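Participant: Got a sequence here, can you build the structure:
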Amino acid sequence: MGRSRSSHRWLGLLMAMVVVLGAGVALYGVWRTKSADQAADGNSPLTVRYRTDTPATAPVGKPWLELINNSDQPVALHTVTLRYYFSDDSAGHGANCVQTALGCSNVTQVVSPMPEPAPNATHYLKVGFTSAAGTLAPGGTSQGIGLQLYRLDRKGLDQTDDRSFDPALTTYAPSTRVTAYVDGVLRWGEEPGGTATATAARPSKVPAVPAGTLFDNFHYTGVGDPAVTANGWQARTDGGGPGIADTWSAENISFPANRKAHGGQVLQLRVTTDGTREGTRQAELVGVENTFFTGTIAARIHFTDDPTDGRNGDHVMESFCAISPNPDSDRYTELDFEYQPNGGWGAPGPKLDTTSWRSATPGDRATRALKRSLDGWHTLMITAVDGKVTYSIDGQPVFTSSGRTFPREPMNIHLNTWLIDLPFAGERTWDMQVDWVYAVDGKKVSTAQVQRAVDGLYKNGINYVNTTKRP
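Facilitator: So this is what the prediction gives:
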């Protein structure tokens, strides 16, 4: 009898659970339908406002987006993704962020193909947020998020048939052609094809990038892109050396497509010459902030043993350096990778000079030459910790210095290519390319750890971040 009463009791509990679960599933279906209906009829808990800075045909698309929280609950921005739809008939698109109160390093951008292409929408720009972007309060606004969308082949955009583009909206207005999702559920807008019930993949939480981190994958429209300056870079155009004095040109810096680069785009530094000083142009991109002091700094660089055009034989220099901003400082520091495919200063090539400078005085340094070809892509890394500087190529140490040449003050990043001299006449062109740069303050990390960090930043759509700011 006792066993029978117990069985009845458990049967009753089981039936009650089934009822509750059934009700939960039903309510979930109602909530899902309600959410989709809200997105369709404009009563969404979110609103996306849009404006454009460009006409239908333009060198670069400039969509500005604003996210507004209409609900009475806070919204964590890392749970939100936006989709801006366009039609891509080119070799690919790139995107970057140029302005936002949230901080561009907290706004992610990934260009993706539509799972099923729709009219006027074969691709979309997915905009997301890191956890450092914070929370949107009830009634709050993200303010404007200025984005750029461009063709990697640098041809002009024809936005006429892009679903999310609206030439009439030159001031902010709600646009249901841009969709918004919270935890993968559509909460604003109408997806291509007329549906407002679809869902997106639930976004994985993009963590805030740790303090003391620098990363840039050079997703820029050109050297005049406002994001170049905003991200702390400057094209050198002043006089002086090294190389052929007073021949530095911003026009020799570009950001072309390259399928062998991680993100499909690179920084390109070009030297052109006809053998005369007047006909020579060199290139250098400089980080104008004191980015690196101690820790690890790395870059993936393509060195070349042959000119892009013209006769070989130049004493060309392809380099990646960290240099004190003031050459007269009594704490001057300089750490150099300098590749010379044809040698220089009387020494034959190919060779790579790795040098730690104590001062800007000639000879006040520790140096070693690696005498072999490095034609192709390589990961170059400098670690400066515990009184020792180590230079590595593709994870293999090639030189170590210590003592008097250990860094004594923060340095700027220099990426450049230039000519030591002009040994013959005739037109020729040399190109050095950079995929990315990465640095972490105060820590010695391996090449494998650098690569994992870089892969994670690419995966999360973070094109640039700098938390190494110094006075």
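Participant: Can I take it that Arg452 is in a helix?
Facilitator: Yes - according to DSSP: H, G, I helix; E, B strand; the rest coil, Arg452 belongs to a helix.
Participant: Next one: it from Gly279, what distance?
Facilitator: Separation of Arg452 from Gly279 (C-beta to C-beta, to the nearest Å): 45 Å. Quick note: C-beta positions are derived from backbone N, CA and C, even for glycine.
Participant: ok, now Asn312?
Facilitator: 18 Å.
Participant: Same check on Arg202?
Facilitator: On the measure of C-beta to C-beta, Arg202 and Gly279 end up 57 Å apart.
Participant: and what of Ala208?
Facilitator: 49 Å.
Participant: Mind checking which of the two has more residues around it?
Facilitator: Ala208 (17 against 14; other C-beta atoms under 10 Å).
Participant: State the helix or strand in which that one lies.
Facilitator: Element membership of Ala208, judged by DSSP states H and E, is empty: it is in no helix or strand.
Participant: how many other residues sit next to the residue lying closest to it once chain neighbours are set aside?
Facilitator: For Ala208, ignoring the flanking residues on the chain, the nearest one in space by C-beta to C-beta, 6 or more residues apart in numbering is Ala132 at 3.5 Å. The number of residues packed near Ala132 is 17, by other C-beta under 10 Å.
Participant: Low-confidence stretches in the stretch 351-471 of the chain?
Facilitator: Within the stretch 351-471 of the chain, the segments meeting pLDDT under 70 span 469-471.
Participant: residue ranges of the strands in it, please?
Facilitator: All strands of the stretch 351-471 of the chain, identified by DSSP state E, counting those that start in this stretch, fall at 351-357, 365-370, 376-385, 388-393, 396-402, 412-419, 428-441, 464-466.
Participant: Okay, buried residues for the fourth one please.
Facilitator: For strand 388-393, the buried set under the neighbour-count rule, 16 or more other C-beta atoms under 10 Å, comprises Val389, Thr390, Tyr391, Ser392, Ile393.
Participant: re the thing from before, and Asn231, which of the strands of the stretch 351-471 of the chain is closest to it?
Facilitator: Distance to Asn231, taken as C-beta to C-beta, is lowest for strand 464-466 among these, at 5.1 Å.
Participant: Name the strands paired with that closest one and say parallel or antiparallel.
Facilitator: Using DSSP bridges, strand 464-466 pairs in its sheet with strand 213-216 (antiparallel).
Participant: What is the subsequent helix or strand relative to the partner strand?
Facilitator: helix 226-230.
Participant: So what are the sheet partners of the next helix or strand after that following helix and their directions?
Facilitator: Where DSSP H and E defines the elements, the next helix or strand beyond helix 226-230 is strand 233-235. Counting by DSSP bridges, the strands paired with strand 233-235 are strand 283-287 (antiparallel).
Participant: Need the residues that contact the partner strand.
Facilitator: 232-236, 248-249, 252-253, 267, 269-271, 412-418 (C-beta atoms under 8 Å, 6 or more residues apart in numbering).
Participant: Redo the buried residues of strand 388-393 as JSON lines? Include distance to Leu152.
Facilitator: Below are the buried residues of strand 388-393 laid out as JSON lines (distance: C-beta to C-beta, whole Å):
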{"residue": "Val389", "distance to Leu152": "37"}
{"residue": "Thr390", "distance to Leu152": "36"}
{"residue": "Tyr391", "distance to Leu152": "33"}
{"residue": "Ser392", "distance to Leu152": "31"}
{"residue": "Ile393", "distance to Leu152": "28"}
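Participant: Closest to Val107 out of the residues you listed?
Facilitator: Ser392 (32.7 Å).
Participant: how far away is the residue lying closest to that closest one once chain neighbours are set aside from Ala439?
Facilitator: Spatially, and ignoring its direct neighbours in sequence, Ser392 is nearest to Met381 (4.5 Å; C-beta to C-beta, 6+ apart). Per C-beta to C-beta, Met381 is found 10 Å from Ala439.
Participant: Now the common contact residues for the two.
Facilitator: Common neighbours of Met381 and Ala439 (C-beta under 8 Å, 6+ apart) are Thr296, Ile297, Ala298.
Participant: By neighbour count, which of those residues wins?
Facilitator: That'd be Ile297 among the shared contacts of Met381 and Ala439, by other C-beta under 10 Å, with 26 neighbours.
Participant: how about low-confidence regions in the stretch 1-150 of the chain?
Facilitator: Using pLDDT under 70, the flagged stretches of the stretch 1-150 of the chain are 1-42.
Participant: shouldn't Lys275 be in contact with Gly426?
Facilitator: Let me fix one detail, which is that residue 275 is Gly and not Lys. Yes - the pair Gly275 / Gly426 is scored as a contact, 5.7 Å apart, by C-beta atoms under 8 Å.
Participant: Mind checking which of the two has more residues around it?
Facilitator: The neighbour comparison of Gly275 against Gly426 (other C-beta under 10 Å) goes to Gly275, with 17 against 10.
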